[in-house]
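1. Sharing a model that was predicted from the sequence below.
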Amino acid sequence: MHIPFEWHSLAVSALVVAGAYIVFGITAFGAALITVPVLSYFYPLDFVLPMCVLLDVAAALAMGARFSRDADLAELKWMAPLCLVGAVLGVTLLVKLPRQATLAAFGSFLLFYGVYTLRRKEGGRLVSRAWAPVAGFAGGLMGTMFGIGAPPYAMYLSHRKTEKLALRATLSSMVLLSTTIRALVFTAGGLMLADRLQMFAILLPFALVGLWLGNRLQGRISREQLGRFISVLVLLIGASVLIRAFA
(Lines give C-alpha, C1' and ligand atoms only; values in the text may rest on other atoms or scores of the structure.)
Protein backbone atom coordinates (compact mmCIF):
# COMPACT_ATOMS: atom_id res chain seq x y z
CA MET A 1 0.00 0.00 0.00
CA HIS A 2 1.46 3.35 -1.04
CA ILE A 3 1.21 6.10 1.60
CA PRO A 4 0.54 9.61 0.21
CA PHE A 5 2.75 12.32 1.73
CA GLU A 6 1.14 15.64 2.65
CA TRP A 7 3.13 18.78 3.41
CA HIS A 8 1.64 19.43 6.85
CA SER A 9 2.29 15.85 8.05
CA LEU A 10 5.81 15.95 6.60
CA ALA A 11 6.54 19.22 8.44
CA VAL A 12 5.31 17.83 11.77
CA SER A 13 7.21 14.57 11.17
CA ALA A 14 10.44 16.49 10.53
CA LEU A 15 10.07 18.47 13.79
CA VAL A 16 9.23 15.32 15.77
CA VAL A 17 12.23 13.44 14.36
CA ALA A 18 14.60 16.35 15.04
CA GLY A 19 13.38 16.60 18.64
CA ALA A 20 13.56 12.84 19.18
CA TYR A 21 17.15 12.64 17.98
CA ILE A 22 18.15 15.55 20.21
CA VAL A 23 17.12 13.17 23.01
CA PHE A 24 19.05 10.33 21.33
CA GLY A 25 22.15 12.53 21.09
CA ILE A 26 22.00 13.26 24.84
CA THR A 27 21.15 9.79 26.14
CA ALA A 28 22.07 7.39 23.24
CA PHE A 29 18.53 5.95 23.38
CA GLY A 30 14.88 7.02 23.53
CA ALA A 31 14.19 8.35 20.02
CA ALA A 32 11.62 5.65 19.24
CA LEU A 33 9.69 6.47 22.43
CA ILE A 34 8.82 9.76 20.71
CA THR A 35 8.91 9.08 16.97
CA VAL A 36 6.82 5.89 16.81
CA PRO A 37 3.74 6.96 18.84
CA VAL A 38 3.61 10.50 17.41
CA LEU A 39 4.17 9.51 13.76
CA SER A 40 1.55 6.77 14.12
CA TYR A 41 -1.02 9.58 14.30
CA PHE A 42 -0.25 10.37 10.65
CA TYR A 43 0.75 6.99 9.21
CA PRO A 44 -0.04 3.29 9.86
CA LEU A 45 2.22 1.46 12.33
CA ASP A 46 3.41 -0.98 9.65
CA PHE A 47 4.66 2.10 7.73
CA VAL A 48 6.18 3.93 10.71
CA LEU A 49 8.11 1.02 12.29
CA PRO A 50 10.35 0.02 9.33
CA MET A 51 11.12 3.67 8.58
CA CYS A 52 11.97 4.45 12.23
CA VAL A 53 14.24 1.42 12.59
CA LEU A 54 16.26 2.69 9.62
CA LEU A 55 16.59 6.08 11.35
CA ASP A 56 17.75 4.33 14.56
CA VAL A 57 20.37 2.29 12.71
CA ALA A 58 21.64 5.39 10.87
CA ALA A 59 21.82 7.40 14.12
CA ALA A 60 23.63 4.58 15.95
CA LEU A 61 26.18 4.32 13.14
CA ALA A 62 26.59 8.13 13.07
CA MET A 63 27.41 8.01 16.80
CA GLY A 64 30.01 5.33 16.17
CA ALA A 65 28.02 2.46 17.65
CA ARG A 66 29.86 -0.84 17.77
CA PHE A 67 29.87 -4.09 19.68
CA SER A 68 31.93 -3.21 22.73
CA ARG A 69 34.68 -5.42 24.19
CA ASP A 70 33.37 -4.49 27.64
CA ALA A 71 30.00 -6.15 26.94
CA ASP A 72 29.13 -9.32 28.84
CA LEU A 73 29.08 -11.88 26.03
CA ALA A 74 27.42 -14.50 28.24
CA GLU A 75 24.38 -12.23 28.68
CA LEU A 76 24.25 -11.49 24.94
CA LYS A 77 24.40 -15.21 24.06
CA TRP A 78 21.36 -15.87 26.25
CA MET A 79 19.32 -12.90 24.98
CA ALA A 80 20.10 -12.76 21.25
CA PRO A 81 18.56 -16.06 19.98
CA LEU A 82 15.21 -15.41 21.66
CA CYS A 83 15.34 -11.80 20.43
CA LEU A 84 15.24 -13.17 16.86
CA VAL A 85 12.30 -15.46 17.73
CA GLY A 86 10.40 -12.57 19.33
CA ALA A 87 11.13 -10.30 16.35
CA VAL A 88 9.71 -12.83 13.89
CA LEU A 89 6.57 -13.32 16.00
CA GLY A 90 6.23 -9.55 16.44
CA VAL A 91 6.26 -8.77 12.72
CA THR A 92 3.70 -11.56 12.16
CA LEU A 93 1.36 -10.07 14.78
CA LEU A 94 1.93 -6.56 13.40
CA VAL A 95 0.67 -7.64 9.98
CA LYS A 96 -2.19 -9.86 11.20
CA LEU A 97 -3.62 -8.06 14.26
CA PRO A 98 -6.41 -5.48 13.77
CA ARG A 99 -5.20 -1.87 13.93
CA GLN A 100 -7.31 -1.13 17.05
CA ALA A 101 -5.85 -4.08 18.96
CA THR A 102 -2.29 -3.10 18.02
CA LEU A 103 -2.83 0.52 19.11
CA ALA A 104 -4.43 -0.61 22.40
CA ALA A 105 -1.47 -2.90 23.14
CA PHE A 106 0.98 -0.12 22.19
CA GLY A 107 -0.75 2.45 24.44
CA SER A 108 -0.81 -0.02 27.36
CA PHE A 109 2.90 -0.74 26.91
CA LEU A 110 3.74 2.99 26.91
CA LEU A 111 1.74 3.55 30.12
CA PHE A 112 3.45 0.60 31.82
CA TYR A 113 6.92 1.75 30.79
CA GLY A 114 6.25 5.37 31.81
CA VAL A 115 5.12 4.30 35.30
CA TYR A 116 8.05 1.87 35.61
CA THR A 117 10.68 4.51 34.78
CA LEU A 118 9.14 7.08 37.16
CA ARG A 119 9.06 4.58 40.05
CA ARG A 120 12.39 2.88 39.30
CA LYS A 121 15.09 3.01 41.96
CA GLU A 122 18.77 2.17 41.70
CA GLY A 123 19.74 -1.29 42.85
CA GLY A 124 16.96 -3.64 43.92
CA ARG A 125 16.63 -7.41 43.93
CA LEU A 126 19.02 -9.39 41.72
CA VAL A 127 17.54 -11.87 39.27
CA SER A 128 18.73 -15.14 37.76
CA ARG A 129 20.20 -15.42 34.26
CA ALA A 130 17.21 -17.64 33.50
CA TRP A 131 15.37 -14.35 32.81
CA ALA A 132 17.78 -13.45 29.97
CA PRO A 133 15.89 -15.41 27.27
CA VAL A 134 12.62 -13.85 28.51
CA ALA A 135 14.13 -10.37 28.20
CA GLY A 136 15.49 -11.20 24.74
CA PHE A 137 12.13 -12.55 23.53
CA ALA A 138 10.17 -9.60 24.97
CA GLY A 139 12.59 -7.07 23.47
CA GLY A 140 12.43 -8.70 20.03
CA LEU A 141 8.63 -8.90 20.15
CA MET A 142 8.13 -5.31 21.32
CA GLY A 143 10.77 -4.04 18.92
CA THR A 144 8.99 -5.27 15.80
CA MET A 145 5.46 -4.64 17.13
CA PHE A 146 6.03 -1.21 18.69
CA GLY A 147 9.51 -0.09 17.61
CA ILE A 148 10.69 0.04 21.24
CA GLY A 149 12.74 -3.02 22.19
CA ALA A 150 15.28 -1.68 24.71
CA PRO A 151 13.13 -1.57 27.92
CA PRO A 152 13.10 -5.35 28.57
CA TYR A 153 16.89 -5.51 28.12
CA ALA A 154 17.40 -2.53 30.44
CA MET A 155 15.03 -3.93 33.08
CA TYR A 156 16.80 -7.30 33.08
CA LEU A 157 20.39 -6.02 33.02
CA SER A 158 19.72 -3.44 35.76
CA HIS A 159 18.89 -6.36 38.09
CA ARG A 160 22.02 -8.33 37.34
CA LYS A 161 25.24 -8.12 39.36
CA THR A 162 27.12 -6.28 36.63
CA GLU A 163 29.59 -3.38 36.85
CA LYS A 164 28.28 -0.10 35.43
CA LEU A 165 30.71 -0.04 32.51
CA ALA A 166 29.88 -3.62 31.51
CA LEU A 167 26.15 -3.00 32.00
CA ARG A 168 26.14 0.04 29.69
CA ALA A 169 28.29 -1.76 27.12
CA THR A 170 26.10 -4.87 27.21
CA LEU A 171 22.91 -2.83 26.85
CA SER A 172 24.22 -0.73 23.94
CA SER A 173 25.52 -3.86 22.18
CA MET A 174 22.19 -5.64 22.65
CA VAL A 175 20.26 -2.62 21.34
CA LEU A 176 22.51 -2.44 18.26
CA LEU A 177 22.11 -6.19 17.69
CA SER A 178 18.32 -6.14 18.13
CA THR A 179 17.90 -3.09 15.90
CA THR A 180 19.84 -4.87 13.16
CA ILE A 181 17.69 -7.99 13.64
CA ARG A 182 14.55 -5.85 13.45
CA ALA A 183 15.63 -4.24 10.17
CA LEU A 184 16.38 -7.66 8.66
CA VAL A 185 13.05 -9.11 9.85
CA PHE A 186 11.12 -6.15 8.40
CA THR A 187 12.97 -6.64 5.11
CA ALA A 188 12.26 -10.38 5.06
CA GLY A 189 8.62 -9.67 5.95
CA GLY A 190 8.21 -7.42 2.92
CA LEU A 191 7.66 -4.22 4.94
CA MET A 192 10.71 -2.28 3.65
CA LEU A 193 8.76 -0.85 0.72
CA ALA A 194 9.68 2.10 -1.49
CA ASP A 195 7.49 4.61 0.38
CA ARG A 196 9.18 3.71 3.72
CA LEU A 197 12.61 4.19 2.14
CA GLN A 198 11.48 7.48 0.59
CA MET A 199 10.25 8.77 3.96
CA PHE A 200 13.49 7.63 5.60
CA ALA A 201 15.50 9.61 3.03
CA ILE A 202 13.36 12.73 3.64
CA LEU A 203 13.65 12.58 7.44
CA LEU A 204 17.27 11.44 7.79
CA PRO A 205 18.77 14.98 7.55
CA PHE A 206 16.48 16.16 10.38
CA ALA A 207 17.52 13.18 12.51
CA LEU A 208 21.21 13.98 11.94
CA VAL A 209 20.69 17.66 12.81
CA GLY A 210 18.89 16.61 16.02
CA LEU A 211 21.71 14.20 16.80
CA TRP A 212 24.30 16.96 16.35
CA LEU A 213 22.35 19.32 18.64
CA GLY A 214 21.91 16.59 21.24
CA ASN A 215 25.64 15.92 21.32
CA ARG A 216 26.29 19.63 21.90
CA LEU A 217 23.68 19.79 24.69
CA GLN A 218 24.88 16.60 26.37
CA GLY A 219 26.84 18.33 29.14
CA ARG A 220 24.15 20.93 29.94
CA ILE A 221 21.20 18.68 30.80
CA SER A 222 21.39 15.87 33.33
CA ARG A 223 20.22 12.46 32.19
CA GLU A 224 18.04 12.21 35.31
CA GLN A 225 16.12 15.38 34.43
CA LEU A 226 15.71 14.31 30.82
CA GLY A 227 14.69 10.80 31.92
CA ARG A 228 11.88 12.18 34.12
CA PHE A 229 10.68 14.43 31.29
CA ILE A 230 10.63 11.48 28.85
CA SER A 231 8.74 9.31 31.38
CA VAL A 232 5.98 11.91 31.77
CA LEU A 233 5.87 12.44 28.00
CA VAL A 234 5.58 8.67 27.43
CA LEU A 235 2.68 8.49 29.92
CA LEU A 236 0.82 11.30 28.12
CA ILE A 237 1.44 9.77 24.68
CA GLY A 238 0.40 6.32 25.94
CA ALA A 239 -2.87 7.71 27.30
CA SER A 240 -3.58 9.50 24.01
CA VAL A 241 -2.84 6.33 21.99
CA LEU A 242 -5.27 4.34 24.17
CA ILE A 243 -7.97 6.99 23.77
CA ARG A 244 -7.47 6.90 20.00
CA ALA A 245 -7.60 3.07 19.96
CA PHE A 246 -11.00 3.00 21.67
CA ALA A 247 -12.46 6.16 20.13
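-> Yep, that arrived.
2. And the residue nearest the centre of this structure?
-> What sits nearest the mean C-alpha location of the chain, by CA atoms, centre = their mean, is Ile148, with 3.0 Å.
3. from memory that residue sits against Ala105, does it?
-> No. Using CB atoms under 8 Å, Ile148 is not in contact with Ala105, being 11.9 Å away. Where you see a C-beta, it was placed from the backbone N, CA and C, and this is true even at glycine.
4. how close does the residue nearest to the centre of the chain get to Pro37?
-> With distances taken as CB to CB, to the nearest Å, Ile148 is found 9 Å from Pro37.
5. How about Trp78?
-> 30 Å.
6. neighbour count winner among these two?
-> Using other CB atoms under 10 Å, the more surrounded residue of Trp78 and Pro37 is Pro37, with 28 against 19.
7. returning to what we had before: tell me who's in contact with the residue nearest to the centre of the chain.
-> Ala32, Leu33, Val36, Phe109, Tyr113, Met142 (CB atoms under 8 Å, 6 or more residues apart in numbering).
8. What of Ala105?
-> Shown in contact with Ala105 (CB under 8 Å, 6+ apart): Leu97, Met145, Phe146.
9. And the strands in this protein, which stretches?
-> Using DSSP state E, the chain contains no strands.
10. Which other helices and strands does the worst-scoring helix or strand of it on mean pLDDT contact?
-> Counting by mean pLDDT, DSSP states H and E, the chain has its least confident helix or strand at helix 223-246, which shows a mean of 80. Applying 3 or more CB pairs under 8 Å, 6 or more residues apart in numbering; DSSP states H and E, we find helix 223-246 packed against helix 7-27, helix 31-39, helix 99-119.
11. Among the ones you listed, which comes closest to Ala201?
-> helix 7-27 (12.1 Å; CB to CB).
12. thought Phe109 was touching Met142?
-> Yes. Here Phe109 lies in contact with Met142, judged by CB under 8 Å, at a distance of 6.7 Å.
13. Looking at these two, which is more packed in?
-> Between Phe109 and Met142, counting by other CB under 10 Å, Met142 is the more crowded of the two (23 against 19).
14. got the contact list for the more buried one?
-> Per CB under 8 Å, 6+ apart, neighbours of Met142: Gly86, Gly90, Phe109, Ile148, Gly149, Pro151, Pro152.
15. Read off the pLDDT value for the second one.
-> To tie it back to what came earlier, the one meant is Gly90. pLDDT, Gly90: 93.
16. next one: the third one
-> Predicted confidence (pLDDT) at Phe109: the value is 88.
17. number of nearby residues for the nearest residue to it once chain neighbours are set aside?
-> Using CB to CB, 6 or more residues apart in numbering and skipping the chain neighbours, the partner closest in space to Phe109 is Phe146 (5.9 Å). Burial of Phe146 is recorded as 25 neighbouring residues (other CB under 10 Å).
18. and what of the one 10 residues further on?
-> Applying the criterion other CB under 10 Å, we find 24 residues in the vicinity of Tyr156.
19. Identify the residues contacting the residue nearest to it when sequence neighbours are not counted.
-> Using CB to CB, 6+ apart and skipping residues adjacent in sequence, the residue nearest Tyr156 is Ala135, 3.6 Å away. For Ala135, the contacting residues are Met79, Pro152, Tyr153, Met155, Tyr156, Leu157, by CB under 8 Å, 6+ apart.
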